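Novice: coordinates only, sequence not included:
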């Protein structure tokens, strides 16, 4: 049996009599993973770490005439529009995300039933993914504006037009933004859920059918639990992206319906105050990170693991 | 408990030339263990899935007990099933997996607990009830799938190649266990497999399928000994049945030199070609002088432990012969063989169907 190799060679201590060479070899081996990680680490630091750091520093006045200060935070918090933006952003998330997930899951279930032309439906439903959000906002502006498509249609039907984007009605504006955002971003949920469904074998659902589960029981006890990893990804992505909602609302309502990222833009471009803009951006960053952590904790699987 | 009656079941998939299942009619009496046997792609799983309600037939009828269930959803058919992949839910503990069917039926919790304990005990899963399936071996997951299937009081138990994912040793052990379990439960069972040994060992009856159609439905021994056509003979048995071709002349069949006496019933085939089917272990090793002895040249000698397998040629036609374990012969030597009449099975080469030569 030569599996172990000739013993005299094996037993000979490696590198005896030449300690420096052995030392450098083991050092090189220990360093290898770090060397391999270096390019991506540098990449992350330069393109992600540095902007974040400089943003945070800027929010505290670093490099400006005032020096290190929390005055910008005070200015941010003292602006009533900021709190309106916080409220609107949260409202948007609370209304948009649940509706969006119900729709996305329902659409994925419809596709799984393999109706005729299901491939065509999938591509049609995924189209909004490819459309820029500003373009989507402008399209929906042409729908909701006072003499837009929707009101024209209503007039054709003999119903008086509605001022959907009236700046005095936050409810109507919220509804318009929610509908536009639903149209624009539900396809992301759909695509993630569909791919998750394709990864779970059909056998589970069939076993549930055979063992007497109704549609709702199957959905609750089998389909959704098996989709949990995909739902988790979709939920984190969609919530973070919803915190960043900007262009659609900007196109539809301007600053009548302020959102947090819109405020960053406003402070930076219109008020020419990059420090307060950074402070708002840091708020968005912090809230996004906390939300992602909360989701990861809440949706953590017990030690079931994959099959 | 209920009988299953299948009436002219057809399943055709759009875009395919031949239907996957072609006019299958089959009666499975109450409490019987029937095995659907066939090569892969013969439509046996499709047939099972139509009984389960996971596929709808193109035409035909499925009756369980006194109910026509052809178009009922699976959950209204009161059946249970063991899947080839086991389909044990990865996100539920073993306990919840076994109790799944009961919970879906809204059974009180303490009764579920009692029944799950009973099934777990039967399948030696008592220690694993609070584990997740990911922490179980393949054999244990298989047991969970079986426990989940037997714990519900189903009319019909369906099994789709349940042993095919187990390794050979486990399969052998669990096969006997499964047979005992199912016979004690007495549930009407339809079992799909491509493994002919499994089919013979488990089934009260074996239904052999090929290209979507039933070939023979009979007891395991009958299917083995008296196949209705060459396909069944050639599919079942290891080695499969031997086939020799020859012309019928004067009460003998001419195998291309050697003559073998034929039964009187073949007299009407005089001058025509017939095929003789014979099992390897039914062939006798005899003296040259014995009546009906045929010379064969040994090509390959394979000791199998419990027997030796000889590959021989008789006038250019291959013939596998099983001899006692102590038998010794060298390749190239000539043996004298005979085929006892009760082990001869004659086939019409044009239709490949068996010819009935025995008085019944």
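Specialist: Alright, I've got the coordinates. Remember, it's a predicted structure, so these values are computed and weren't measured experimentally.

Novice: residues in contact with the helix or strand hosting residue B:116?
Specialist: Assessed by DSSP states H and E, residue B:116 sits inside helix B:109-122. Helix B:109-122 is contacted by residues B:94-95, B:98-99, B:102-103, B:107, B:125-126, B:128-129, B:147-148, B:150-151, B:181 when judged by C-beta atoms under 8 Å, 6 or more residues apart in numbering or on different chains. Any C-beta I mention is one placed from the backbone N, CA and C, and that applies to glycine too.

Novice: which of those residues come close to chain A?
Specialist: Among those, proximity to chain A is found for residue B:148 (C-beta under 8 Å from any C-beta of the partner chain).

Novice: ok, so of the contacts of helix B:109-122, who is nearest chain A?
Specialist: Closest to chain A out of the contacts of helix B:109-122 is residue B:148 (7.1 Å), distances taken as C-beta to the nearest C-beta.

Novice: dump the residue contacts of that closest one.
Specialist: Residue B:148 sits next to A:211, B:80, B:88, B:97, B:98, B:100, B:101, B:119 when contact means C-beta under 8 Å, 6+ apart.

Novice: try 7 Å
Specialist: Residues in contact with residue B:148, defined by C-beta atoms under 7 Å, 6 or more residues apart in numbering or on different chains, are B:97, B:98, B:100, B:101.

Novice: can you pull the pLDDT of it?
Specialist: Listed pLDDT for residue B:148 reads 94.

Novice: now the helix or strand where it lies, how far from the centre of its chain.
Specialist: If you go by DSSP H and E, residue B:148 is part of helix B:138-151. Taking C-alpha atoms, centre = their mean, to the nearest Å, one finds helix B:138-151 lying 22 Å from the centre of the chain it belongs to.

Novice: circling back to that earlier point, for the helix holding residue B:116, the distance to its chain's centre please.
Specialist: Centroid displacement of helix B:109-122 relative to its chain, using C-alpha atoms, centre = their mean, is 32 Å.

Novice: ok and that helix relative to helix B:138-151, angle-wise?
Specialist: Using axes from the mean of the first three to the mean of the last three C-alpha atoms, to 10 degrees, the direction of helix B:109-122 lies 130 degrees away from that of helix B:138-151.

Novice: now helix B:109-122: buried residues?
Specialist: Neighbour-count burial for helix B:109-122 flags B:112, B:115, B:116, B:117, B:119, B:120, B:122 (criterion: 16 or more other C-beta atoms under 10 Å in any protein chain shown).

Novice: distance check, the second one against chain A.
Specialist: It refers to residue B:115. Remark: distance between residue B:115 and chain A (C-beta to the nearest C-beta, to the nearest Å) = 13 Å.

Novice: with the last one instead?
Specialist: Note on residue B:122: its distance to chain A, by C-beta to the nearest C-beta, is 18 Å.

Novice: look up phi and psi at the nearest residue to residue A:60 once chain neighbours are set aside.
Specialist: Closest residue to residue A:60 apart from its sequence neighbours, by C-beta to C-beta, 6 or more residues apart in numbering or on different chains: residue A:68 at 5.7 Å. Main-chain torsions, residue A:68, degrees, to the nearest 10: phi -70, psi 120.

Novice: equivalent analysis for residue B:259, please.
Specialist: Backbone geometry at residue B:259, expressed as degrees, to the nearest 10, gives phi -110, psi 140.

Novice: quick one: stretch B:187-194 near chain A?
Specialist: No. If you take C-beta under 7 Å from any C-beta of the partner chain as the test, stretch B:187-194 misses chain A, and the best it gets is 12.9 Å.

Novice: let's verify the residue nearest in space to the middle of chain A: helix, strand, or coil?
Specialist: Nearest to the geometric centre of chain A sits residue A:237, at 2.2 Å (C-alpha atoms, centre = their mean). Three-state assignment for residue A:237 (DSSP: H, G, I helix; E, B strand; the rest coil): helix.

Novice: please tell me how far it sits from residue A:231.
Specialist: Using C-beta to C-beta, to the nearest Å, one gets 11 Å for the distance from residue A:237 to residue A:231.

Novice: in the stretch 101-250 of chain B, which residue sits closest to chain A?
Specialist: For the stretch 101-250 of chain B, C-beta to the nearest C-beta, closest residue to chain A: residue B:101, 3.7 Å.

Novice: which helix or strand contains residue B:158?
Specialist: Element membership of residue B:158, judged by DSSP H and E, is strand B:156-160.

Novice: now do the helix or strand following that strand against helix B:109-122: the angle between them, please.
Specialist: Sequence-wise, the next helix or strand downstream of strand B:156-160 (DSSP H and E) is helix B:168-185. Helix B:168-185 and helix B:109-122 are oriented at 130 degrees to each other (the same axes, to 10 degrees).
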